[in-house]
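Q: Pasting a predicted model and its sequence here:
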Amino acid sequence: MRRIVLISMLSLVACGKGDGDKGAGGARDAVINAWKAEKLTVSPLIPAPVAFAKDCQSGTVEGVEVLLCNFASPDEAKKAVDQGYTWVGGATGTSEAHGAALVVLVDRKKTDPNGRTINRLMKLAPK
Amino acid sequence: MRRSIAVLRVPWVLTVLTLGLFAFAGSAIADGGRQVRYVGIHPIPKSEGGGICYIEGPHVHIYTADKIQYRDHRGSNYFVGDPVAYGYDGKRYAYKGHHPIHVNAVVGDEDPDDEYCYINGPHYHYFAPPEGPEFKVSGDAYFYVGEPPHAYVEARPAMMKINAMYQPLTYERPVVTVDAPVGWIGARAEFVGPGVVVEGPRGAVVAPRAGVTVEGYIPAPSVHVDVGIGVPGVIVHDRGPAVIVHDRPVIIEERVKVKHDNGLHRGHH
């Protein structure tokens, strides 16, 4: 009986991983790792409560503010792109789905006046 | 008969000021700082610091875009002008005359959208056209040789205003001096400006390099461009003295044959 319960629990854990989930941090970690691999400065990310997603973290990368949210699937992340712009507010910014992650970048402090950093970060984030 | 031309040598500072004035004739901060959607590389208004925004994908700013240099691409503003005029320093491709822009191919999305560039003469874009029969490459410049659709013809009178915006701008335009390929839109009578017949250019494209000075001589109908390239001069004769290159400072002179328009002297290419 104990064995059956254990197998059931393992099955549930396995099924809980979505298509876009890539490890403990999901698709978000894939994005962060891609940036770190290019030796970009990534600040510690802290949980960020937003209305349109449950699992989001925010911080800065190369001085640009970033919001990274994990979704269960790439489709769900894509559907949240427009809502990502609500986090941008009155500044230059962008919101894109990369796999099951929603990546939102904002230049609130005008550290990236010509958008080169934002462009680079979005290009480095794995699709 | 050749006219005497007044040479307008525009200082760099004045050029920058002029760029600012013409960059966004209709642009301003959006109401209440609301977001305005863009897609692709585009100029930044002088009031926002000027220069180029290099974000290639969809993004937002809080300033608006004019209706002459931008087209709507699925709710986003897409820049169809020459980014080099505003300081773009990335990879560039030379074009001559009007041509379509397949926006979806440039920005990499799946929404088919053909827009049109109405810039007369040589200019740059940051993208090459897709391979196919509608463009021919001659002297490293792209010439549109396709059949312009009704949408191009219909919007032409309004969109030709872009040339008034670029005419006073002095920047490193490509110098296209090759024979235009057969079928080029700029040589078709129905698409040539009123009262002006443009004789096909000759020679080759000279892309100005760093340190190169290019000075535009504005008066119509002649087109006269100085290019100082710091190399020994050569003389090129191609079907008569249409292209003359002298030693320092190098002068490339392109003459344009003009049909007289009863004193109106309307425009030139």
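A: Looks like it came in fine. Keep in mind that this is a model prediction, so the values were computed, not measured. Numbering: from 1, shown residues only, chains lettered A, B, ... in the order given.
Q: who's in contact with the nearest residue to residue B:61 once chain neighbours are set aside?
A: Distance criterion Cβ to Cβ, 6 or more residues apart in numbering or on different chains; nearest residue to residue B:61, sequence neighbours excluded, is residue A:92 at 5.2 Å. Just so you know, the C-beta spots here come from the backbone N, C-alpha and C atoms, and that holds for glycine as well. Residue A:92 makes contacts with A:106, A:107, A:112, A:115, A:118, B:53, B:55, B:59, B:60, B:61, B:62, as judged by Cβ atoms under 8 Å, 6 or more residues apart in numbering or on different chains.
Q: again, only using 10 Å
A: A:64, A:105-108, A:110, A:112-113, A:115, A:118, B:35, B:38, B:44, B:48, B:53, B:55, B:59-63 (Cβ atoms under 10 Å, 6 or more residues apart in numbering or on different chains).
Q: And residue B:79, by the same measure?
A: B:38-43, B:52-53, B:65-66, B:69-71, B:86, B:101, B:125-126.
Q: Which members of the residues you listed additionally contact chain A?
A: B:38, B:39, B:41, B:42, B:52, B:53 (Cβ under 10 Å from any Cβ of the partner chain).
Q: Need the contact partners of the one helix or strand the first one maps to.
A: So the one you mean is residue B:38. In this structure, residue B:38 sits in strand B:36-39 according to DSSP states H and E. Here strand B:36-39 makes contact (Cβ under 10 Å, 6+ apart) with A:85, A:92, A:94, A:115, B:27, B:29-30, B:53, B:55-65, B:70, B:72-79, B:103, B:106-109.
Q: again, only this time at 8 Å
A: Residues contacting strand B:36-39 (Cβ under 8 Å, 6+ apart): B:30, B:53, B:55, B:57-65, B:73, B:75-79, B:107.
Q: Now stretch A:64-78: buried residues?
A: A:64-72, A:74, A:76-78 (16 or more other Cβ atoms under 10 Å in any protein chain shown).
Q: is any part of that stretch close to chain B?
A: No. Judged by Cβ under 8 Å from any Cβ of the partner chain, stretch A:64-78 stays clear of chain B, getting no closer than 11.2 Å.
Q: Give me the mean pLDDT for that stretch.
A: Averaged across stretch A:64-78, the pLDDT comes to 97.
Q: if we can go back for a sec, show the buried residues in the contacts of residue A:92.
A: Buried subset of the contacts of residue A:92 (neighbour count, 16+ other Cβ under 10 Å): A:64, A:105-107, A:112, A:115, A:118, B:35, B:38, B:44, B:48, B:53, B:55, B:59-63.
Q: taking those one by one, which sit in strands?
A: A:64, A:105, A:106, A:107, B:38, B:53, B:59, B:60, B:61 (DSSP state E).
Q: Residue A:61: what's it in contact with?
A: The contact partners of residue A:61, by Cβ under 8 Å, 6+ apart, come to A:35, A:40, A:41, A:42, A:43, A:105, A:121.
Q: Pretty sure the third one sits against residue A:62.
A: Put plainly, it is residue A:41. Yes. The pair residue A:41 / residue A:62 is scored as a contact, 5.6 Å apart, by Cβ atoms under 8 Å.
Q: So for the two, which residue has more residues nearby?
A: Higher neighbour count among residue A:41 and residue A:62: residue A:62, with 19 against 10, using other Cβ atoms under 10 Å in any protein chain shown.
Q: What's the separation between the more buried one and residue B:38?
A: 21 Å (Cβ to Cβ, to the nearest Å).
Q: Please apply the same query to residue A:88.
A: Distance of residue A:88 to residue B:38, computed by Cβ to Cβ: 13 Å.
Q: Spell out which residues are contacts of both of those two.
A: Counting by Cβ under 8 Å, 6+ apart, the residues touching both residue A:88 and residue B:38 are residue B:60.
Q: Would you list the phi and psi of residue B:101?
A: Here is the backbone geometry of residue B:101 (degrees, to the nearest 10): phi -120, psi 120.
Q: Now do the contacts for it.
A: Neighbours of residue B:101 in contact, by Cβ under 8 Å, 6+ apart: B:80, B:114, B:115, B:116, B:117, B:125, B:127, B:129.
Q: where do the strands sit along chain A?
A: Using DSSP E, strands in chain A cover A:46-47, A:55-61, A:64-70, A:92-98, A:101-107.
Q: ok, now the stretch 101-250 of chain B?
A: B:114-117, B:122-125, B:135-138, B:141-144, B:213-217, B:223-228 (DSSP state E, counting those that start in this stretch).
Q: In its sheet, which strands sit next to the first one, and in what direction?
A: If I follow you right, that is strand B:114-117. Strand B:114-117 pairs in its sheet with strand B:99-102 (antiparallel), by DSSP bridges.
Q: Can you check what pLDDT the model gives the closest residue to residue A:101 other than its chain neighbours?
A: In this structure, residue A:101 finds its nearest non-sequential neighbour in residue A:27, 3.6 Å apart by Cβ to Cβ, 6+ apart. Residue A:27 is assigned 94 on the pLDDT scale.
Q: same thing with residue B:109?
A: 88.
Q: Could you list the low-confidence segments of the stretch 51-200 of chain B?
A: For the stretch 51-200 of chain B, the stretches flagged by pLDDT under 70 are B:189-200.
Q: got the contact list for residue B:141?
A: B:94, B:95, B:96, B:122, B:174, B:176, B:178, B:205.
Q: One more: residue B:41?
A: By Cβ under 8 Å, 6+ apart, the contact list for residue B:41 reads B:52, B:53, B:54, B:55, B:56, B:79, B:83, B:88, B:90, B:126.
Q: Can you give me the distance of the residue lying closest to residue B:110 once chain neighbours are set aside to chain A?
A: Among residues not flanking residue B:110 along the chain, residue B:104 sits closest, at 6.7 Å (Cβ to Cβ, 6+ apart). According to Cβ to the nearest Cβ, to the nearest Å, residue B:104 and chain A sit 17 Å apart.
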